[in-house]
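Engineer: Sequence first, then the predicted structure, then my questions.
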Amino acid sequence: MSKIIGQSLPGIPWEEKPEGERLPLWRYSKNPIIDREGNKISNSVFNSAVVPFEDGYAGVFRCDSRSVSMDIFVGRSKDGIHWEIEDEPVKFEGADEEVLKREFRYDPRVCFIEDRYYVTWCNGYHGPTIGVAYTFDFKKFVQLENAFLPFNRNGVLFPRKINGMYMMLSRPSDNGHTPFGDIFISQSKDMEFWGRHRHVMSPFKEDYSAWQSTKIGPGPIPIETDEGWLLIYHGVITTCSGYTYRMGAALLDLDEPWKVLHRSRDYILSPREYYECVGDVPNVIFPCATLADADTGRIAVYYGCADTVTGMAFTTVDELVAYVKEHRMK
């Protein structure tokens, strides 16, 4: 039996696994939970992050406008399924006006560490890099220095310091639709200066695990378990119709999380439903957030669908860890 190390969340969204489902992750029967008109200006709402907050949930959502500009917005929910998303984007404060300059913002993650909620996102500063900010109340957001030089995407923090260091996963990239990508980890003493970069995982050749042969990237905040950090990630294959995004999972060492203990050769979820295959960018499922209950082991996964709407899926720590081990890389 695997155990989540974390808080009790008895009210997280949940549906039992349908009879006959073969994969370790199963979709919410009422997907998508957020359609493309999530607020007054949105063309699409996807690749967003949520956390438990006060008597419900809060989050930061990617809402592309009808001019298809990319920015991030605060959302709130009582049940984690029905969301109210603000019509104005997050307004950041900070000591340096240079850092506050905006080209674009997208694909946020939210991570509670110690006494505050940190937000990371793909931030436009002469190309994509990783923006970092914190909030206590999802009203005031203080932006810190960008974590890295351009070009970089998918900045994902760990939910606690490891050996006295903050740690962040990311995927170095180029300035376009990156046709490559490995996952790296970086360390910081102060959430400002990042170094001690270590390689974590690479894509695999098509003759071994084709669904993750073009590029990979970290997804939600890693979940701490008694067997390692449980990381859900996305993998991409280039096909005759373009990129296809799927989900995989891995277990990382608790003390040295650049060391991969187990990694799934088989995907855990693949675009199949209409809302995952048809949209602004077809055939994409992109995980950005989870809710995890330490008491029951239940996990709810939030993911973007076809770069258009937001879906939800469910699993348990036992089922997912067992699947990763059974279908692991040899």
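Structural biologist: Right, received. Where do you want to start? Quick caveat, the model's predicted, so the values are computed rather than measured.

Engineer: tally of neighbours for Arg328?
Structural biologist: Arg328 has 17 neighbouring residues, counting by other CB atoms under 10 Å. Where C-beta positions appear, they are placed from N, C-alpha and C, glycine not excepted.

Engineer: Isn't it up against Ala249?
Structural biologist: No: with contact defined as CB atoms under 8 Å, Arg328 does not count as touching Ala249 (9.9 Å).

Engineer: what residues are shared contacts of the two?
Structural biologist: Here Arg328 and Ala249 share the contacting residues Arg263, Ser264, scored by CB atoms under 8 Å, 6 or more residues apart in numbering.

Engineer: do you know how far Cys305 is from Val45?
Structural biologist: Cys305 sits 10 Å away from Val45, going by CB to CB, to the nearest Å.

Engineer: hmm, I was thinking of Glu88
Structural biologist: Distance check for Glu88 against Val45: by CB to CB, it reads 15 Å.

Engineer: out of the two, which sits in the busier spot?
Structural biologist: When Glu88 and Val45 are compared for neighbours, Val45 comes out ahead with 26 against 11, by other CB under 10 Å.

Engineer: Can you list the buried residues in the helix or strand bottoming out on mean pLDDT in the chain?
Structural biologist: Scoring the helices and strands of the chain by mean pLDDT, DSSP states H and E places helix 206-209 at the bottom, with a mean of 86. Going by neighbour count (16 or more other CB atoms under 10 Å), the buried part of helix 206-209 is Ser209.

Engineer: so where does Val119 fall, helix or strand?
Structural biologist: Per DSSP states H and E: Val119 is located in strand 116-124.

Engineer: what's the helix or strand just after that strand in contact with?
Structural biologist: Using DSSP H and E, the helix or strand that directly follows strand 116-124 along the chain is strand 128-135. With CB under 8 Å, 6+ apart as the test, strand 128-135 has contacts from 92, 94, 104-105, 116-123, 125, 141-153, 155, 168, 170, 173, 175, 191.

Engineer: Identify the bridge partners of Trp121.
Structural biologist: Beta-bridge partners for Trp121, by DSSP bridges, are Gly131.

Engineer: Next one: it, what pLDDT does it get?
Structural biologist: Per-residue confidence at Trp121 stands at 98 (pLDDT).

Engineer: and Lys325, what helix or strand is that in?
Structural biologist: Assigned by DSSP H and E, Lys325 falls in helix 317-326.

Engineer: Now do that helix: distance to the chain's middle.
Structural biologist: Put simply, helix 317-326 sits 19 Å off its chain's centre (CA atoms, centre = their mean, to the nearest Å).

Engineer: Same check on stretch 218-236?
Structural biologist: Offset of stretch 218-236 from its chain centre (CA atoms, centre = their mean): 9 Å.

Engineer: so the helix or strand containing Phe73 versus strand 116-124, what angle?
Structural biologist: Phe73 is part of strand 70-77, with elements assigned from DSSP H and E. Relative orientation of strand 70-77 versus strand 116-124 (axes from the mean of the first three to the mean of the last three CA atoms, to 10 degrees): 150 degrees.

Engineer: Give the pairing partners of strand 70-77; include direction for each.
Structural biologist: Counting by DSSP bridges, strand 70-77 is paired with strand 56-65 (antiparallel), strand 84-85 (antiparallel).

Engineer: Need the winner for burial among those strands.
Structural biologist: strand 56-65 (a mean of 23; mean count of other CB atoms under 10 Å).

Engineer: Just the C-alphas of that strand, formatted as CSV.
Structural biologist: This file holds the C-alpha atoms of strand 56-65, laid out as CSV (Å, rounded to 0.1, in the frame of the first residue of the first chain):
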residue,chain,number,x,y,z
GLY,A,56,-13.1,25.7,-0.8
TYR,A,57,-10.6,26.0,-3.6
ALA,A,58,-8.7,28.8,-5.4
GLY,A,59,-6.7,28.7,-8.6
VAL,A,60,-4.9,30.6,-11.4
PHE,A,61,-6.4,29.9,-14.8
ARG,A,62,-5.0,30.4,-18.3
CYS,A,63,-7.7,32.2,-20.3
ASP,A,64,-6.8,33.1,-23.8
SER,A,65,-8.9,36.1,-25.0
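
Engineer: State the mean pLDDT of it.
Structural biologist: Regarding strand 56-65, the rounded mean pLDDT is 98.

Engineer: Now do it against strand 128-135, angle only.
Structural biologist: Strand 56-65 runs at 140 degrees relative to strand 128-135, counting by the same axes, to 10 degrees.

Engineer: Run the chain-centre distance for strand 56-65.
Structural biologist: 13 Å.

Engineer: Also stretch 252-267?
Structural biologist: 17 Å.
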